[in-house]
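Engineer: okay, here's the prediction I keep looking at, along with the sequence it came from:
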Amino acid sequence: MRDRFLRFMEGRYGVDQLYRVLLISGAILVILSNVIFPYVFLLAGWILIIWAFYRAFSRDHSRRYAENQKFLELVGKIRRGWGKQRYMMGQRKEYHIYTCPQCKQKIRIPRGKGKIEISCPKCHTKFIKKS
């Protein structure tokens with residue numbers, strides 16, 4: 001039986017990250033359809049599951065690869081954005097982050113230094129802020 005399946009899958013695209021996300025999302029929606037909005041979630045869940053299997057059984061490798069790369073690029077942008085926000089929140093414990101009034105450059109100043117004159121490293125504008 002396993003050999004038959006392997007022969008069937010020969011030349012087909014197979015499983016990738018987008019396939020996994022589609023399949024898991026579809027399964028979650030189908031399960032949620034038992035609790036809320038039965039027909040809407042059930043239909044959406046089955047559409048995602050069918051789309052996932054269509055991608056896995058497709059023989060058009062270049063198109064499926066391009067779809068997966070677009071998905072990974074989008075996920076990467078989202079992860080980088082969240083990572084940047086987490087980093088900034090961690091920095092706010094020890095530093096004040098000010099924006100230059102002229103060039104909008106972000107400047108990190110240590111907390112607890114009192115009123116100081118800040119010189120922008122980019123445009124050399126000077127302004128006074130409380131640290």
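Structural biologist: Received it, and whenever you're ready, just let me know what you need.

Engineer: and the lengthiest helix in the chain, how far from the chain's centre?
Structural biologist: For the chain, the helix that runs over the most residues, judged by DSSP state H, is helix 61-91. Centroid separation between helix 61-91 and its chain, computed with C-alpha atoms, centre = their mean, to the nearest Å, is 4 Å.

Engineer: give me the residues contacting the helix or strand just after it.
Structural biologist: The helix or strand immediately downstream of helix 61-91 is strand 95-99, counting by DSSP states H and E. Here strand 95-99 makes contact (C-beta atoms under 8 Å, 6 or more residues apart in numbering) with 88, 91, 105-111, 118, 129, 131. All C-beta atoms are positioned from the backbone trio N, CA, C, and that covers glycine.

Engineer: so of those residues, which ones are in helices?
Structural biologist: Judged by DSSP H, the subset of the contacts of strand 95-99 located in helices is 88, 91.

Engineer: widest-spaced pair of the contacts of strand 95-99?
Structural biologist: 105 and 111 (19.4 Å; C-beta to C-beta).

Engineer: and the two? Which one has more around it.
Structural biologist: residue 105 (14 against 11; other C-beta atoms under 10 Å).

Engineer: excluding sequence neighbours, find me the nearest residue to that one.
Structural biologist: residue 122 (4.4 Å; C-beta to C-beta, 6 or more residues apart in numbering).

Engineer: buried ones in the longest helix of the chain?
Structural biologist: Residues of helix 61-91 classed as buried by neighbour count (16 or more other C-beta atoms under 10 Å): 64, 67-68, 71.

Engineer: who are the packing partners of that helix?
Structural biologist: Judged by 3 or more C-beta pairs under 8 Å, 6 or more residues apart in numbering; DSSP states H and E, helix 61-91 is in contact with helix 17-32.

Engineer: list the buried ones in the helix it packs on?
Structural biologist: Going by 16+ other C-beta under 10 Å, helix 17-32 has these buried residues: 18-19, 22-23, 26, 29-30, 32.
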